[in-house]
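J.: structure for this input, please:
(one chain, ligands or ions: 1)
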Amino acid sequence: MLNERMQQAVNEQINAELYSAYLYASMAAFYTSINLPGFANWMRVQVQEEMLHATYMYDFISERGGRVQLMSIAGPPVEWPDPAQPFKDAYAHELEVTRRINELMNLAQELRDHATASFLLWFVNEQVEEEANADKVVKQLHLTGNVGSGLFMVDRELALRVFTPPTVLPAGVGA
Ligand code: FEO
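T.: Residues are numbered from 1 along each chain as shown. As a prediction, this is how the structure comes out:
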């Protein structure tokens, strides 16, 4: 059985993950509009990652006999001043998600909810990769200085990203 406070906090994180998907979908649309399809592809893969994160949390609440409660999703930004800014924002966003996941883990520990702490450990580890993935592109874009030829090279590389479902699932989520 899931503690009421824990359930509320995981429900709020489902909302945050769905907002992340919404944010990255908006960034993908921006990149499509400025003719950078590889950048758009990277963001669309990220949308799939975020949807999966939300789904894991959704399934976990159900698995623990809790109640999923979906909330309104805030509207994301739709315009950015230059091609590098969405990735800078994505990196900042992932830092905020990490902070939120850590808060969830703190709550699970405070409540001595070991099953939820075990579930959340997957997300703690995942955030290391989430931050690194965005930061890598921010650094590449810094080197290009937003110059056309450099942008097209990065675009070609980002076009190669494919969504790969994780082989190891969070504890408590069925295969
Ligand atoms: Fe669901 Fe990008 O963290």
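J.: which bits of the chain sit near the ligand?
T.: With the criterion set to Cβ under 6 Å from any ligand atom, the chain comes near the ligand through 17, 20, 50, 53, 94, 97, 130. For the C-beta atoms, the positions are set from N, CA and C on the backbone; glycine is no exception.
J.: number of residues surrounding the first one?
T.: Right, residue 17. By other Cβ atoms under 10 Å, 23 other residues sit near residue 17.
J.: in three-state terms, label it for me.
T.: Recorded secondary structure, residue 17: helix (DSSP: H, G, I helix; E, B strand; the rest coil).
J.: quick check, it in contact with residue 58.
T.: No. Using Cβ atoms under 8 Å, residue 17 makes no contact with residue 58, being 9.2 Å away.
J.: pretty sure residue 73 sits against residue 15.
T.: Yes. Taking contacts as Cβ under 8 Å, residue 73 lies within contact range of residue 15: 6.6 Å.
J.: who has more neighbours, these two?
T.: Taking neighbours as other Cβ under 10 Å, residue 73 and residue 15 compare with residue 15 leading, 17 against 14.
J.: could you find the closest non-adjacent residue to that one?
T.: Spatial nearest neighbour of residue 15, excluding adjacent residues (Cβ to Cβ, 6 or more residues apart in numbering): residue 71 at 4.5 Å.
J.: please report phi then psi for that neighbour.
T.: For residue 71, the backbone dihedrals are phi -120, psi 170 (criterion: degrees, to the nearest 10).
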